[in-house]
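Colleague: Structure for the following, please:
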Amino acid sequence: MEHHDDRHPTQELSDEELLEHLGQLYETRLDTLRHGSQDALDNSDRRLRELEGEYLRRYPEREVSPERVRPGS
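Modeller: Prediction:
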């Protein structure tokens, strides 16, 4: 995840900022999918991968809720 938003380099975000950025992106994601240009959708995809990747890097042993696991997975 080396490509960064120049205003908010992913690896420099605090944990709180990382979650805020993810929340903001999730809030606008459907609107971007439905009404955004291809460039906007590409940027949203890239940023989502960066932020989620950074979250998983920081929390590889995150708690997984049993209610969120499908049978057989």
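
Colleague: now Arg29: how far from Tyr55?
Modeller: Using C-beta to C-beta, to the nearest Å, we find Arg29 at a distance of 15 Å from Tyr55. All C-beta atoms are positioned from the backbone trio N, CA, C, and that covers glycine.

Colleague: Of the two, which one has the most company?
Modeller: Tyr55 (18 against 15; other C-beta atoms under 10 Å).

Colleague: what secondary structure does Gln24 sit in?
Modeller: What DSSP: H, G, I helix; E, B strand; the rest coil gives for Gln24 is helix.

Colleague: what number of residues lie near it?
Modeller: By the criterion of other C-beta under 10 Å, Gln24 has 12 neighbours.

Colleague: likewise Asp42?
Modeller: Neighbour count of Asp42, defined by other C-beta under 10 Å: 11.

Colleague: how distant is stretch 7-19 from the center of its chain?
Modeller: Its chain's C-alpha centre and that of stretch 7-19 lie 11 Å apart, by C-alpha atoms, centre = their mean, to the nearest Å.
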